[in-house]
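can't give you the sequence, but here's the structure:
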C-alpha cells in the first residue's frame, strides 16, 4: 500500500484538475488593471517576505492571489461581483475555501486602484496576524 503524496506541491492545489490549471494560466496572461496594481505589491516576496501566487488553482476555484504559507486568498472584485447572484456565489465560494482552513479577503477594483496604500496596510495587518497563528 503506497502512502498518499502530501507534498507542498500536491496539497497547495487541493486537488485542482488540469482544466483549472489551464484556465489559471489564461487568467495570468490577461490580468485586470487592478490585479496588475496589486500584483506589483505582492510579487517577489515584497509583502513580509511571503510568496504569493497569481491566479492560483484551489480545487475547482482560481484565487486571484494565494499565499500557501499562511493560507490566505486575496480576491480583487470588479463591478460584476455586486450583482445579487454573484454575491451569493462569492459567499459560497468563500465558505468552501474556508473549509480548507483558508482565509479569504476581498477588495474592490476601485479600492485597489484608488486606495492602494490602505489596501496594502490591510493586507499586511492580516498577514502579520496569520503569521502569528
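Arrived safely. The shown structure was predicted, so the numbers you read here are calculated from the model rather than taken from an experiment. Residues are numbered from 1 along each chain as shown.

spell out the residue ranges of the strands in the chain.
For the chain, the strands defined by DSSP state E occupy 53-58, 61-67, 72-77, 103-108.

let's have the ones you listed in JSON lines, adding distance to residue 85.
For every residue, glycine as well, the C-beta is placed using N, CA and C. Below are these laid out as JSON lines (distance: least, Cβ to Cβ, whole Å):
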{"stretch": "strand 53-58", "distance to residue 85": "22"}
{"stretch": "strand 61-67", "distance to residue 85": "17"}
{"stretch": "strand 72-77", "distance to residue 85": "14"}
{"stretch": "strand 103-108", "distance to residue 85": "16"}
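
which one of those strands lies nearest to residue 91?
Nearest to residue 91, of all these, is strand 103-108, at 10.1 Å by Cβ to Cβ.

in the closest one, what's buried?
Using 16 or more other Cβ atoms under 10 Å as the burial criterion, the residues of strand 103-108 that qualify are 103, 104, 107, 108.

and it, which strands flank it?
strand 72-77 (parallel) (DSSP bridges).

now do the strand it pairs with: distance to the chain's middle.
Per Cα atoms, centre = their mean, to the nearest Å, the displacement of strand 72-77 from the mean C-alpha position of its chain is 4 Å.

that strand - what's its average pLDDT?
Strand 72-77 shows a mean pLDDT of 97.

likewise for stretch 115-124?
Averaging pLDDT along stretch 115-124 gives 98.

just give me the neighbour total for the nearest residue in space to residue 74 that is not next to it in sequence.
Among residues not flanking residue 74 along the chain, residue 65 sits closest, at 4.2 Å (Cβ to Cβ, 6 or more residues apart in numbering). Neighbour count for residue 65, taken as other Cβ atoms under 10 Å: 23.
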